[in-house]
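In: Predicted model and sequence below, questions to follow.
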Amino acid sequence: MSLLTALPSQDKNVTLHRLSGYLLPIRRHVQNDPWCGIPELTNENGAYCHDSCATQAWSASTILDFLEDVHKLVKA
């Protein structure tokens, strides 16, 4: 689902602020992770999952898709 259709009635600045907030835990994780990546899986509240890979390309690509949608929202 596109961010443009998911949040059409909100003020764009409020939406962008919220979306930036969603990225903060991911940013902190990448900055502190020895692999500088995002894990495949986590447990509740982002807790470490023993059955997960430490970094996973599709996890990073999901964030890139999210950022592309945010970029489109900014340009709209």
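Out: Great, that's in hand.
In: Name the helix or strand of the chain that has the lowest mean pLDDT.
Out: Lowest on mean pLDDT, DSSP states H and E among the helices and strands of the chain sits helix 3-6, with a mean of 54.
In: contacts for the following helix or strand past it?
Out: Counting by DSSP states H and E, the next helix or strand C-terminal to helix 3-6 is helix 12-32. If you take C-beta atoms under 8 Å, 6 or more residues apart in numbering as the criterion, helix 12-32 is touched by 3, 7, 36-38, 46, 63, 66, 70, 73-74, 76. C-beta: built from backbone N, CA, C; applies to glycine.
In: May I ask which of the residues you listed has the most neighbours?
Out: I38 (21 neighbours; other C-beta atoms under 10 Å).
In: does L64 sit in a helix, a strand or a coil?
Out: With DSSP: H, G, I helix; E, B strand; the rest coil as the basis, L64 sits in helix.
In: That one and I26: what is the separation?
Out: To I26, L64 is 12 Å away according to C-beta to C-beta, to the nearest Å.
In: Neighbour count for the two, which is higher?
Out: Taking neighbours as other C-beta under 10 Å, L64 and I26 compare with I26 leading, 15 against 9.
In: do you know how far the more buried one is from K12?
Out: I26 is 22 Å from K12, by C-beta to C-beta.
In: go on, R27?
Out: R27 sits 22 Å away from K12, going by C-beta to C-beta.
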